[in-house]
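Colleague: what's the 3D shape of this:
(chains A and B)
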Number of protein chains: 2
Amino acid sequence: MKRITILDIAKELNITFSTVARALNDHPAISAATKQAVRETADRLGYRPNRVASSLRSGKTKIIGVLVPRLDVSFFSSVLHGIEGVMNENGYTILLFQSQESIKQEARGIETFLRSRVDGIIASISLETEGNGSYSEVRDRNIPLAFFDRVPQGLDVPAVTIDDYQGGFMATEHLIKAGYRRIVHINQYRDINIFNERLRGYLDALKQYGLPIDENLIIKGDFSLEFGRQCVRELMAARIDFDAIFTLEDFTAMGVVQELKAIGKRIPADVGIVGFANEAFTNLVSPTISTVDQCTVEMGEEVARLFLKLLKKGDYYKHKPEKIVLTPRLLVRESSSR
Amino acid sequence: MKRITILDIAKELNITFSTVARALNDHPAISAATKQAVRETADRLGYRPNRVASSLRSGKTKIIGVLVPRLDVSFFSSVLHGIEGVMNENGYTILLFQSQESIKQEARGIETFLRSRVDGIIASISLETEGNGSYSEVRDRNIPLAFFDRVPQGLDVPAVTIDDYQGGFMATEHLIKAGYRRIVHINQYRDINIFNERLRGYLDALKQYGLPIDENLIIKGDFSLEFGRQCVRELMAARIDFDAIFTLEDFTAMGVVQELKAIGKRIPADVGIVGFANEAFTNLVSPTISTVDQCTVEMGEEVARLFLKLLKKGDYYKHKPEKIVLTPRLLVRESSSR
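Modeller: Next comes the predicted model:
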């Protein structure tokens, strides 16, 4: 099928190419009558503007790239839900890219977004990302950038996070108040700010309630259901005494629940459990799993609003970037209610 | 930061602009020595090609758009996993768009992909899409297109699906063989091919095993956990006798399980349950839920391979499109094992 061009419209109306081009761009020098004739002819012939070319001129595509580690966990798909709501209302379209927790894939995502001429990028960094990853390049090109949850440490950019320290503190405090005394904490082996903060909250809660800190009760590894099971097996094998487990996230908590059930421990009577993230399944399983809710939809909406404000400012990197910190909510369910 | 251009390289080497441009494009008229000098100088100065401009010339961006209803269910995120594996291996990058089951959003996604100059689109249509939706336009522009699972009825394009009839048949046959006789089937109210096929499988299994078809046992609605609960409440209120429920998908099955447990029915002793889709949570809950696995990763890999073959052919719409139908697998778990 032959593509209809501006030239075809010009020939049809017997006017110049540049008159048609200016009429289509609503140029003030062109009369209303000519503009109408051009628009009608364009419609009749089936003319479609070359959007890439026009976005190169205007610099605006109304497309925002959202770059996240993965979309198969409730946390990210739920934040995305919040972002899409606000962005769609404001006439923006969202393109998505998964870094799959890989710094290399993340760089590819950024490059792809820049090639697609997005108006800006909203992101949460991969677990592998150190320093600023490839995000410095986005800043160097003066393309607006905002982060949620996982933020590069060296880049001073707008961001929405939750108070992870508070989340760790409230989970641990709840277990202490429910009468648990030997509380295991399963954390992550990488040096990542949000995870360090949850650990700090755990430690401070123990201190505040006068409980000793026992290094044997702090386990670091990668998070997964299988790792949760493994932790319980190792605690049992090492004959370490414990009566509660607070995990870094919910899949690990699920593994802990499965393994404890398999060896005949009663939850919450013998062992209390609190996860983190409020994954959808935590409210479907038996026992339902207590967890820390990260206000995901709100986080998505806030980062979208913050981003829209940024777009209006124009000089994206000349202002002091706005930071929003949300307070997490503890959800007490069966796994820690005794 | 000033952007390094081809002209800067030309000045630095004291050669012409066009020599540099041809060297960078590996033109045969340029000597190997000149090409090497140009490449080294480009690296030293930090030259980055303007990819949008070069993709406009070559017509290839190596970006594929994947358009799916939603990414917060295991089915789509898992098919995507298969697509990404094969596509990344072959040097393609994936951009994602969620139609959110809306035909309007779907049209926006297609437009956004076309504006982003994707090399092609892999899609699964929204529940609202009737006829060909906006996909005819993709075909009219001779941009390659392939579908998985949900395929527009009027468009003759390459597609990978599962045998949904077979899935419905094997789920029902399994319940019959386990001794269940009054089997409820919860389906969808819309006229959508894959769902109609599951119903046809259910009906044929009953016929083949000499069981009567009772219209009271066939319920149509929208699928959700809440709808599953509602169906059980309505069956009980109407005093309809049943001993098994086969649902169209797993969230509905989860709702059925919750409501049956709430009213004190034993699963699988009193009522057997089979879902559809093998959502991740079905293996985490108690009882674990029997379901039909749709070979999601394989489906993603197959549609990606089919798409790569298509890209090589060039004349995308002049060949008879290839169709692949995968056979689903029944996963028997606690909810139907008596």
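Colleague: Every contact and neighbour count from this point should use C-alpha atoms.
Modeller: Will do.
Colleague: how many neighbours does the residue in the stretch 101-250 of chain A that chain B sits nearest to have?
Modeller: Proximity of the stretch 101-250 of chain A to chain B (C-alpha to the nearest C-alpha) peaks at A:Ser116, 4.8 Å away. Residues lying near A:Ser116 (other C-alpha atoms under 10 Å in any protein chain shown) number 26.
Colleague: isn't it right up against B:Leu95?
Modeller: No. With contact defined as C-alpha atoms under 8 Å, A:Ser116 and B:Leu95 do not form a contacting pair (9.7 Å).
Colleague: hang on, the earlier thing: any idea what sits nearest the residue of the stretch 101-250 of chain A closest to chain B, other than its immediate chain neighbours?
Modeller: Sequence neighbours aside, B:Ser116 is the residue nearest to A:Ser116 in space, at 4.8 Å (criterion: C-alpha to C-alpha, 6 or more residues apart in numbering or on different chains).
Colleague: likewise A:Ser134?
Modeller: Nearest to A:Ser134 is A:Ala107, by C-alpha to C-alpha, 6+ apart, at 5.5 Å.
Colleague: Show me the strands in the stretch 51-200 of chain A, by range?
Modeller: Using DSSP state E, counting those that start in this stretch, the strands of the stretch 51-200 of chain A run over A:63-68, A:93-98, A:120-123, A:145-148, A:159-162, A:183-188.
Colleague: would you list the ones you listed in CSV and tack on distance to A:Ile219?
Modeller: Output for the strands of the stretch 51-200 of chain A, formatted as CSV (distance: least, C-alpha to C-alpha, whole Å):
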stretch, distance to A:Ile219
strand A:63-68, 27
strand A:93-98, 29
strand A:120-123, 29
strand A:145-148, 27
strand A:159-162, 23
strand A:183-188, 5
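Colleague: so which of those gets nearest B:Ile63?
Modeller: Closest to B:Ile63 of the strands of the stretch 51-200 of chain A, according to C-alpha to C-alpha: strand A:93-98, at 11.4 Å.
Colleague: Just the helices from the stretch 51-200 of chain A, written as ranges.
Modeller: A:51-58, A:74-89, A:103-115, A:135-140, A:164-177, A:193-208 (DSSP state H, counting those that start in this stretch).
Colleague: which of the ones you listed sits most buried?
Modeller: helix A:164-177 (a mean of 22; mean count of other C-alpha atoms under 10 Å in any protein chain shown).
Colleague: helices or strands up against that one?
Modeller: helix A:193-208, strand A:244-247, strand A:291-293, strand A:329-331 (3 or more C-alpha pairs under 8 Å, 6 or more residues apart in numbering or on different chains; DSSP states H and E).
Colleague: can you put the ones you listed in CSV and add mean pLDDT and distance to B:Arg329?
Modeller: CSV is the format used below for the helices and strands packed on helix A:164-177 (pLDDT from 0 to 100; distance: least, C-alpha to C-alpha, whole Å):
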stretch, mean pLDDT, distance to B:Arg329
helix A:193-208, 96, 39
strand A:244-247, 98, 34
strand A:291-293, 98, 34
strand A:329-331, 98, 37
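Colleague: could you dump those to a markdown table with distance to chain B?
Modeller: Shown next, in a markdown table, are the helices and strands packed on helix A:164-177 (distance: least, C-alpha to the nearest C-alpha, whole Å):
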| stretch | distance to chain B |
| --- | --- |
| helix A:193-208 | 24 |
| strand A:244-247 | 17 |
| strand A:291-293 | 16 |
| strand A:329-331 | 19 |
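Colleague: could I get those as a markdown table with distance to A:Glu226?
Modeller: Formatted as a markdown table, the helices and strands packed on helix A:164-177 follow (distance: least, C-alpha to C-alpha, whole Å):
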| stretch | distance to A:Glu226 |
| --- | --- |
| helix A:193-208 | 19 |
| strand A:244-247 | 13 |
| strand A:291-293 | 19 |
| strand A:329-331 | 24 |
